[in-house]
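Student: need coordinates for the following:
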Amino acid sequence: MSGLSQVKDEPIRDRQQLVDYIAAGEKPAALWRIGTEHEKFGFRLDDLRPPGWDGERGIGALLEGLTRFGWQRIEEHGKLIALSRDGASVTLEPAGQLELSGAQLETVHDTCCEVSSHLREVKTIADALGLGFLGMGFQPKWRREDMPWMPKGRYRIMRDYMPKVGSLGLDMMTRTCTVQVNLDFASEADMVKKFRVALALQPVATALFADSPFTYGKPNGFQSYRSHIWTDTDPDRTGMLDFVFEAGFGYERYVDYLLDVPMYFSYRGGEYIDLAGKSFRKFLAGELAELPGAKATLHDWADHMTTAFPEVRLKKFLEMRGADGGPWNRLCALPALWVGLLYDEDALAAAWDLVQDFTREQRHALRDGVPRHALALPFRGATVRELAREVLAISAHGLARRARHNPGGADERIFLDTLNHIVEANQTPAQRKLELYHGPWQGDIDRVFREFAY
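Tutor: Next comes the predicted model:
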């Protein structure tokens, strides 16, 4: 969940300025970069409970400890809520889930090294505080009411609004974790093709990364309960965005979609102004009663763009949002999967050939069925497992053609190994944990914290 934008407070003159804001993200292929983000659950080693912000063992203390590694402090009302360093940031999700928003890097090798360095730093500080961190898609044990809330103004506004528009929004905020990758585009046409391929295949990523089979310490009947949660969070700002596949889709159509997404807030004078449910179109016209005469700025627009939560999100880049959080190797596999598909011209063409005749009904059947059935979901006379195998093959060819090697001579395909193993074993991460739960763990969910912590 993104934080405040760093865009200048320039007044918005007209709708075209919003279109131009997105178009400014266009880059030639030589400048395309990879930005990987991931979230993880903190827990106290003695009682496995999630830490609050305050206290000697709180998330605030963890952030303070990380400053020894050169991270710069970001505060809100005197409380340390985030860190920044070299184009990357460490931020807090609503219940203290710790997020690394990585820098824009050239290769998957680079982003994987960044993830590794971050996890080492976090473990160094966490060990001293008696804390651990777990990568999964959904909090496997604790109830919604057991989760703490971080001292961030935007989360207070969202917390009040979420129950008005869906039954699972507060669970999304407090009990989910994801890994995503942010990727560039060269032109509007390039963006459109990448957006369509990414949307159509996002359920494949959900299936491969499915790792949220427990609620309250018991199996919940899903493999990616995190993905299911998005189906009852807020229909105005989530979903598969069918209009992306319509003729004429481009920057302007996406801007129109965002203008119809209800607002959450405006950040002015160091405070979050509650505008939950209000119209950004009226804000543009200076017609909000809560801010009489005030008109939206580009800063407001950049913040508003972060409050839409579709399966793929467009800002000045494209965000792949379909995967559960997980261990180190899958945090590296997610960017490899999408870079292989979208950053090689031949692979992108092959991926488009694979999905271009998917019907709306088929795309929705994938999206709706994968959270429960994952790779076993029937699809077009086969299953998602067979579709995933095709997707991984296309991605591998794309990574091979990119030919970005590490010092040992291996290219980026090495990061697909964990996903290929999942497909060949025909066992998702969720199924592996369920097997352990019903077998060696004998129904003791506490084992997941000990055996799968970073």
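Student: how about the CA coordinates for the one helix or strand A200 maps to, as CSV?
Tutor: Using DSSP states H and E, A200 falls within helix 188-208. What follows is the C-alpha trace of helix 188-208 in CSV, where atoms were taken according to Å, rounded to 0.1, in the frame of the first residue of the first chain:
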residue,chain,number,x,y,z
GLU,A,188,1.1,4.1,-25.0
ALA,A,189,0.8,1.1,-27.4
ASP,A,190,3.5,-0.8,-25.4
MET,A,191,1.7,0.0,-22.2
VAL,A,192,-1.6,-1.3,-23.6
LYS,A,193,-0.2,-4.6,-24.7
LYS,A,194,1.7,-5.1,-21.4
PHE,A,195,-1.4,-4.1,-19.4
ARG,A,196,-3.6,-6.6,-21.2
VAL,A,197,-1.1,-9.5,-21.0
ALA,A,198,-0.5,-8.8,-17.3
LEU,A,199,-4.2,-8.6,-16.4
ALA,A,200,-5.0,-11.8,-18.3
LEU,A,201,-2.1,-13.7,-16.7
GLN,A,202,-2.3,-12.3,-13.2
PRO,A,203,-4.3,-15.3,-12.0
VAL,A,204,-1.4,-17.5,-13.1
ALA,A,205,0.9,-15.6,-10.7
THR,A,206,-1.7,-15.9,-8.0
ALA,A,207,-1.8,-19.7,-8.5
LEU,A,208,2.0,-20.1,-8.5
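Student: name the helices or strands packed onto that helix?
Tutor: Packing contacts for helix 188-208, counted by 3 or more Cβ pairs under 8 Å, 6 or more residues apart in numbering; DSSP states H and E, involve strand 312-314, strand 318-324, helix 328-342, helix 345-355, helix 360-373, helix 384-402, helix 417-425. For glycine as for every other residue, the C-beta is placed from the backbone atoms N, C-alpha and C.
Student: show the average pLDDT along it.
Tutor: Averaged across helix 188-208, the pLDDT comes to 98.
Student: now that helix against helix 360-373, angle please.
Tutor: Going by axes from the mean of the first three to the mean of the last three Cα atoms, to 10 degrees, helix 188-208 is angled at 30 degrees with respect to helix 360-373.
Student: and the following helix or strand past helix 188-208, average pLDDT?
Tutor: Next helix or strand after helix 188-208 toward the C-terminus (DSSP H and E): strand 214-215. Mean pLDDT, strand 214-215: 98.
Student: what does stretch 294-309 give?
Tutor: On average, stretch 294-309 scores 97.
Student: pull the distance from stretch 108-124 to the chain's centre.
Tutor: 17 Å (Cα atoms, centre = their mean, to the nearest Å).
Student: correction: the previous question concerned stretch 328-344.
Tutor: Distance, centroid of stretch 328-344 to centroid of chain: 14 Å (Cα atoms, centre = their mean).
Student: list the buried ones in it?
Tutor: 330-344 (16 or more other Cβ atoms under 10 Å).
Student: and if you look at stretch 17-24?
Tutor: L18, V19, Y21, I22, A23.
Student: which single one of those residues is nearest to G102?
Tutor: I22 (21.5 Å; Cβ to Cβ).
Student: wait, the closest one sits on L314?
Tutor: Yes. If you go by Cβ atoms under 8 Å, I22 and L314 touch, sitting 6.5 Å apart.
Student: identify the contacts common to those two.
Tutor: Y254 (Cβ atoms under 8 Å, 6 or more residues apart in numbering).
Student: just to revisit the earlier point, would you list the buried residues of stretch 17-24 in JSON lines and tack on distance to D46 and pLDDT?
Tutor: Putting the buried residues of stretch 17-24 into JSON lines (distance: Cβ to Cβ, whole Å; pLDDT from 0 to 100) gives the following:
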{"residue": "L18", "distance to D46": "50", "pLDDT": "98"}
{"residue": "V19", "distance to D46": "53", "pLDDT": "98"}
{"residue": "Y21", "distance to D46": "48", "pLDDT": "97"}
{"residue": "I22", "distance to D46": "48", "pLDDT": "98"}
{"residue": "A23", "distance to D46": "52", "pLDDT": "98"}
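Student: tell me the two of the residues you listed that are most distant?
Tutor: The widest separation within the buried residues of stretch 17-24 (Cβ to Cβ) is 9.9 Å, between L18 and A23.
Student: quick one: which of the buried residues of stretch 17-24 is nearest A205?
Tutor: I22 (23.3 Å).
Student: helix/strand/coil for that closest one?
Tutor: helix (DSSP: H, G, I helix; E, B strand; the rest coil).
Student: hmm, back to that, list just the nearest of the buried residues of stretch 328-344 to L298.
Tutor: Out of the buried residues of stretch 328-344, the member with the shortest distance to L298 (by Cβ to Cβ) is L342, at 27.2 Å.
Student: for the residue nearest to G153 when sequence neighbours are not counted, give me its contacts.
Tutor: With sequence-adjacent residues excluded and distances taken as Cβ to Cβ, 6 or more residues apart in numbering, G153 is closest to Y272, at 3.5 Å. Applying Cβ under 8 Å, 6+ apart to Y272 gives the contacts G153, R154, R156, I157, F265, S266.
Student: and these, which of them are in helices?
Tutor: G153, R154, R156, I157 (DSSP state H).
Student: just give me the neighbour total for W352.
Tutor: 15 (other Cβ atoms under 10 Å).
Student: so it touches A198, yeah?
Tutor: No. W352 lies out of contact with A198 (Cβ under 8 Å); the separation is 10.7 Å.
Student: for my notes, confirm the residue nearest to G153 occurs in a helix.
Tutor: No. Assessed by three-state DSSP, Y272 does not belong to a helix; its assignment is strand.
Student: what is the burial count for the residue nearest to P140 when sequence neighbours are not counted?
Tutor: Nearest non-adjacent residue to P140, counting by Cβ to Cβ, 6+ apart: F214, 3.9 Å away. A total of 23 residues lie near F214 under the criterion other Cβ under 10 Å.
Student: next: G443.
Tutor: 11.
Student: dihedrals phi and psi, it?
Tutor: Torsion angles at G443 (phi, psi; degrees, to the nearest 10) stand at phi 80, psi 10.
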